[in-house]
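S.K.: Fold the stuff below for me.
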Amino acid sequence: GSDCMPLDPLLGVHHAVNAPTESQRLTVTEALRAYTLGGSYAGFDEDRTGTVEVGKLADLVALERSPWEHESDIRNVDVATTVVGGEVVFDGR
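M.R.: Numbering: from 1, shown residues only. Sure, this is the predicted structure:
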């Protein structure tokens, strides 16, 4: 989760993927999983959040660009849409 990381989760993901020491770097998938399912698991809430599945809260974002295609520049990938509880709360498109 991002409770002890930068306030911008994508900045935290960026630094996890682009750590200065290669042995400390995560893949984009590993970093995103740490910020989603990992955070839910750490908060004992993985039965309600952390993955996109039927029956779970629909809290998610859609990004303007793929972080897998822009690994070195994840910090500059913009959020296009934010959904909380199944409702669009931000639509930056």
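
S.K.: helices and strands around the helix ranked longest in the chain, which ones?
M.R.: If you go by DSSP state H, the chain has its longest helix at helix 9-17. If you count contacts as 3 or more C-beta pairs under 8 Å, 6 or more residues apart in numbering; DSSP states H and E, helix 9-17 packs onto helix 28-33. Yep, even glycine has a C-beta here, placed from its N, CA and C like the rest.

S.K.: Just the CA trace of the helix or strand following the helix it packs on, in PDB.
M.R.: Once helix 28-33 ends, the next helix or strand along the chain (criterion: DSSP states H and E) is helix 39-42. Output of helix 39-42 as PDB, limited to C-alpha atoms (Å, rounded to 0.1, in the frame of the first residue of the first chain):
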ATOM      1  CA  GLY A  39      -2.100  -3.300   0.500                       C
ATOM      2  CA  SER A  40      -5.500  -5.100   0.900                       C
ATOM      3  CA  TYR A  41      -3.800  -8.200   2.300                       C
ATOM      4  CA  ALA A  42      -1.800  -6.100   4.800                       C
END
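
S.K.: With that, I have no additional questions.
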